[in-house]
Structure formats: C-alpha cells, structure tokens
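1. have a look at this fold, sequence not included:
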Ligand code: CFM
C-alpha cells in the first residue's frame, strides 16, 4: 500500500509516551524542498534517555574523527583502557605515512589505562609519565592528550600537564583536549573542541614557505577508505596543490602551513565550517563548499576551484581532466543504470554523508526517500542562512567559540573586495551551503537523530531497496531483509569519492540492490508454518 508521509510520521511516534512523542515530532520533518525557507527542524539537542541513538560521544568526535587520521601526531588517551581500545582502528581513515620521517602512529593505541586508585587520588602524575614515555619512544612533533569522562569528573588539569611537558621537551608540541564524552550532545561537540585546539596550537606555525601556484586547503575530508587519496590524485592532475587536508592522511606540517593556502574547500560542512571561517578571519583565506562524492559533483567542484583562481590555463586543464576521466565513469553508470533505475534508498549518517551520497544515488537513477543526520545542526539541514537564528542552549554554550582576529603578520586578503564581488555577481558563492532539505524531494522524510526503533519501523513501512548507516545498524537492518551499506566505514570498500570512487560505488550498489540473497531471509517454517511431519516409527 502507498503510505502518506503524515501517516508514516504518526506511526513512527505512535508508541511513544506523549512527552517523548512531542519531542520526536519536532525532529521528524516532512520535507517541503524549498530553497531558503524549508521548515524548521530540531537538531543538535540531547537524545532522550532510553532511546537507542545512532550517535557517538564527544570524545569520539575529537579523538576519533578529527585527530584520528593524522599520522605523525601521537594520540594519547587519558582514561580507562576501554575508551582507547574501542577507538582503536575502528574508523577506516587511511594513511600513506608520508610525513617527513614516514611516521605512522595511527596503528598504536596509547592510553594511561586509569585504574580505581587514579580516579580516587588523581591521574595527573600518571599522565605525565605516559607523555614522557611516548616522547622517549617516538620523539614525535606533537603529542595530543584526550580526556575521557572520568578525567573531567575528577578534575585532572590535563592542560597544565601538557604545558609542563611541552616546556620540558622544547622540541615537541604537547597539547590537550577537554573532550570528555559527556561534554556535548554528540560527536559534533568533539569536532569543535579538536578543531579549536588544532587552530590554536598548530596552524600558522610552519617555517617552510609553500610556493605552488594554486594552493588550497581541503577541509572536512577524512580519507575514509582512501577517499582523500582519490581526491588528491584528481587535484594533482589538475595542477592544484592541496596544502593541508583537515585531517585525512594529514601531517603536523600540513596543519601548520594551512595558513599559506589561497582557498579553503570545505567537504564536510558539519565538522569544520567554523575552521574555514577562522582561516578567513585570521589569514584572509576565502572558503567555498565543495563535494567530491559523485562524478558530476566532483566535476562541478573542480570547476568551482578553477573559477576562483580565474586563470585560463587552470580552467583548461580542469576541463581536460574532466573530459579524460568522465568516459570511464559513464560506461559503468550506463551499464548499471537499467538495474538500479527507480530503486529507493534511505541514508542515515553522521553530519554530511546523508546529503553528499544522494548525488551518487541520483547518478544511478535512485531516489532517496528518507534521510537524516545523527548529529548535524539546523544549518546542515536548512542552509547557512539560519545560523544567526540558532538558539544557544546550555549544551552548546559548553563548547568554546574562539575569538579570532586578523593576524598582524600573516593576514593577507587573497582577493580584493572588488574581485570577490565580481565573482559573486557571476553567481559564484563564497561561504555558502544550502543544506540537505532543498535537495530532497517534497514529501520525503527528513529525520534527525534516528533511533533503532524508528529505523525498524520506517524500513517495515517504506521498504527501501537499500538502507545506509553504520555498523550499529547493519545487522538489525539486514535481519529485516534489506541490503545495508555502511556509509561510515564503507564496509571494507571504497574509495567512493572522485571519479574512480563513483565507479566503485556504482558497482557496489548494483550488486547490493540486485542480490537475490535477501529473498531467502525467511526460514522455511516462517514462510510455511503448516509443514507437517511424521515420527519415523509411525
Ligand atoms: Fe563529517 Fe565524516 Fe560525516 Fe563526521 Fe562521522 Fe565519518 Fe560520518 Mo562516521 S566528519 S560528519 S563525525 S563526513 S566518522 S568521515 S562517516 S559520522 S557523515
């Protein structure tokens, strides 16, 4: 039967107690798909206790997401060992270990392994000893210290310890993150805490001058499944130098020289848009939103970068690269299209991918019937124009906003006001992101912080051809007989970014939505409970 979105929404919250239903109703939105005036959605608020959320914690956002992919900074977790073990190599951020000395600390799980007595008597001494040990073992350029929940509860001063050790070493930057898991309502708070410290302690500190012609920063690309490698390949082919990726396959020196780029290209708006703003204010680097998920989106983003620099030679080269890369993509797209056309998808991922991946599905002729973020903010749904109206609550106030001023020595406007205006008059958009809602069809369901109960329900009602989310959702979705693709870790696949990534994705989704295995999900006795049997001796 054909469900009406209003009925689906009512059904999703029907079993909740009235108070919970009222709250969830504000996070479940029937999309109206209008640019600039989409209806308001409630986002970035606490999950209701008792609900099984898909979210992670603030520590996960700081240690795992932002600092995790850097290869030559030692990540030291101050806390019980479980926090380290669980965060150890679970995110598929890849590295080529291309730092100065080919260091790769990603494969280590370093922790102070706090015990009961440390909680009672304090863990600062233990932390100091652990920093010393890490320094003696590796002599890294930087050591990052992460606080887990108990550290905040007992009040260890991790910043004082970090400062003491930094001064003691002289040749190693030690800095700490107050990213206790409970600090914010989700990972998002952890991104902010991490980014602030990277900006404060590392950016602008490189003595090496970068002399390439077209220099950009790629912000919010974490090299999951090698996405960053593919993007770098394409950029390089175009003659564009990626000074610093925040933070996929990045190194200490990349962060330190980010102030030397002439443009910041933002992939994941949620995790990093404020860094783009800070780079502009402090160093004069303008920023644009890009998306390298989807072949068309990749081409569009490359053209946008070339238009910014405005050099005919670069524009021609970018066109040549697109012309060279696209045919191979088109061959595969056309091959899978008859099998994927008209199929439906649901996407529930952290803060960007539920939007970005709709591009790839569109290229395959597939329709996204419901999507949402785990922890994004209203601007990621409705567009950046809502930012000035965002309510500051007790939870968001908890997260530091750093005040940035133009740097006395390093500030340099990359384009004059007239040049910026001229670009804007031609339709070029700086600092702009329209969010997910305008890109989704009218009547689709946009749901913030979807939980396990609602996921089960919506799958049973709408029966999508594929459901995309994470490992926590994977098996419960598959048990409902629906193919499931992890869009956090990509299962073991990827890259899916850029041109080669698009080809990988087409193949993968084609295989998933056309597999017959899902029709064998029911055991014989479920399909036919009347099976009769006789005893052998009868
Ligand atoms: Fe940005 Fe990410 Fe995402 Fe994210 Fe993440 Fe991730 Fe994600 Mo998992 S930074 S918001 S905190 S694009 S780890 S690489 S896949 S939830 S949609």
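-> Yep, it's here. The model shown is predicted, which means the values in this text are computed figures rather than measured ones.
2. what sits against the closest residue to the ligand within the chain?
-> Nearest residue of the chain to the ligand, counting by Cβ to the nearest ligand atom: residue 350, 2.2 Å away. Every C-beta, even on glycine, is put in place using the N, C-alpha and C of the backbone. Residues near residue 350 by Cβ atoms under 8 Å, 6 or more residues apart in numbering: 187, 270, 373, 374, 375, 376, 488.
3. what do you get if the cut-off is 7 Å, keeping everything else the same?
-> Counting by Cβ atoms under 7 Å, 6 or more residues apart in numbering, residue 350 touches 187, 373, 374, 375, 488.
4. just give the nearest non-adjacent residue to residue 337, would you?
-> Closest residue to residue 337 apart from its sequence neighbours, by Cβ to Cβ, 6 or more residues apart in numbering: residue 365 at 5.5 Å.
5. let's verify the one you found: helix, strand, or coil?
-> coil (DSSP: H, G, I helix; E, B strand; the rest coil).
6. per-residue pLDDT, it?
-> Listed pLDDT for residue 365 reads 98.
7. my guess is it meets residue 342, correct?
-> Yes. The pair residue 365 / residue 342 is scored as a contact, 6.4 Å apart, by Cβ atoms under 7 Å.
8. who has more neighbours out of the two?
-> residue 365 (15 against 11; other Cβ atoms under 10 Å).
9. the more buried one: what's it in contact with?
-> Neighbours of residue 365 in contact, by Cβ under 7 Å, 6+ apart: 337, 340, 341, 342.
10. can you list the residues you listed in TSV and add distance to the ligand?
-> Output for the contacts of residue 365, formatted as TSV (distance: Cβ to the nearest ligand atom, whole Å):
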residue	distance to the ligand
337	26
340	22
341	26
342	26
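11. what residues are bridge-paired with residue 28?
-> Assessed by DSSP bridges, residue 28 has beta-bridge partners residue 447.
12. mind listing what residue 96 touches?
-> Counted by Cβ under 7 Å, 6+ apart, residue 96 has contacts residue 249.
13. next one, pLDDT for it please.
-> For residue 96, the predicted pLDDT is 94.
14. tell me the residues of the stretch 251-400 of the chain that contact the ligand?
-> 268, 270, 271, 349, 350, 351, 352, 353 (Cβ under 6 Å from any ligand atom).
15. now, of the contacts of residue 365, which are buried?
-> Using 16 or more other Cβ atoms under 10 Å as the burial test, the contacts of residue 365 include 337, 340 as buried.
16. hmm, who's touching stretch 59-71?
-> Counting by Cβ under 7 Å, 6+ apart, residues outside stretch 59-71 touching it are 73, 75, 77, 83, 87, 91, 93, 95, 97, 99, 103-106, 144, 146, 148, 177, 179-181, 187-191, 193-195, 222-223, 247-251, 271.
17. so which of the residues you listed belong to strands?
-> 73, 75, 77, 144, 146, 177, 247 (DSSP state E).
18. report the contact partners of the first one.
-> This means residue 73. Contacts of residue 73 (Cβ under 7 Å, 6+ apart): 67, 105, 140, 141, 142, 144, 252.
19. what sits closest to it if chain neighbours are left out?
-> residue 142 (4.2 Å).
20. next: the fifth one.
-> Once flanking residues are discounted, residue 146 sits nearest to residue 63: 4.4 Å by Cβ to Cβ, 6+ apart.
21. ok, back up a step: now pLDDT, distance to residue 13 and secondary structure too, for the residues of the stretch 251-400 of the chain next to the ligand, in CSV please.
-> Below are those laid out as CSV (pLDDT from 0 to 100; distance: Cβ to Cβ, whole Å; DSSP: H, G, I helix; E, B strand; the rest coil):
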residue, pLDDT, distance to residue 13, secondary structure
268, 98, 30, coil
270, 98, 25, helix
271, 98, 29, helix
349, 98, 22, strand
350, 98, 23, coil
351, 97, 23, coil
352, 98, 26, coil
353, 98, 25, helix
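22. just the element for residue 152, please.
-> Using DSSP states H and E, residue 152 maps to helix 149-154.
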